[in-house]
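Chemist: sequence-free structure coming up:
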């Protein structure tokens, strides 16, 4: 076998291993996950965000992540981003999976401590970063 042919076979094998997983489908053909986001505020001192995702399929659902990051929360004031949970974090750089049993719910949370004088209206975007079943939910809240 020639060196160029060996390289081509190795490249195809590598690309095949990097293929994006196919998303699972719910019985009705929709998303395999039911998701919701909540924002709980404590005056103007802090806000706790919760993203809940539930496997609505009848089979285990393996969520594929391209790093240690599973979720993110982004706080917006109007269209301006004022805080992003992941910007304060470090994540492993390894592919991983997390399996949800049928009907199982996983909750991801983060706390935001805004600067003094930050009272007002905000929107939080909650993201599940699974490659095969990404989720984005938003909700408005007031500090």
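Modeler: Nice, thanks for sending it over. Keep in mind that this is a model prediction, so the values were computed, not measured.

Chemist: Now the element after the helix-or-strand element of the chain with minimal mean pLDDT, going C-ward?
Modeler: Lowest by mean pLDDT, DSSP states H and E among the helices and strands of the chain is helix 3-17, with a mean of 41. Counting by DSSP states H and E, the next helix or strand C-terminal to helix 3-17 is strand 33-42.

Chemist: Pull out the buried residues from that next one.
Modeler: For strand 33-42, burial by neighbour count (16 or more other C-beta atoms under 10 Å) applies to 33, 35, 37, 38, 39. From N, CA and C alone the C-beta is placed, and that goes for glycine too.

Chemist: Would you mind putting those residues into CSV with distance to residue 130 and pLDDT alongside?
Modeler: Compiled in CSV, the buried residues of strand 33-42 are given as follows (distance: C-beta to C-beta, whole Å; pLDDT from 0 to 100):
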residue, distance to residue 130, pLDDT
33, 8, 93
35, 11, 95
37, 15, 96
38, 20, 97
39, 22, 96
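
Chemist: So which of the residues you listed is the closest to residue 111?
Modeler: Using C-beta to C-beta, residue 39 comes nearest to residue 111 of the buried residues of strand 33-42, at 10.9 Å.
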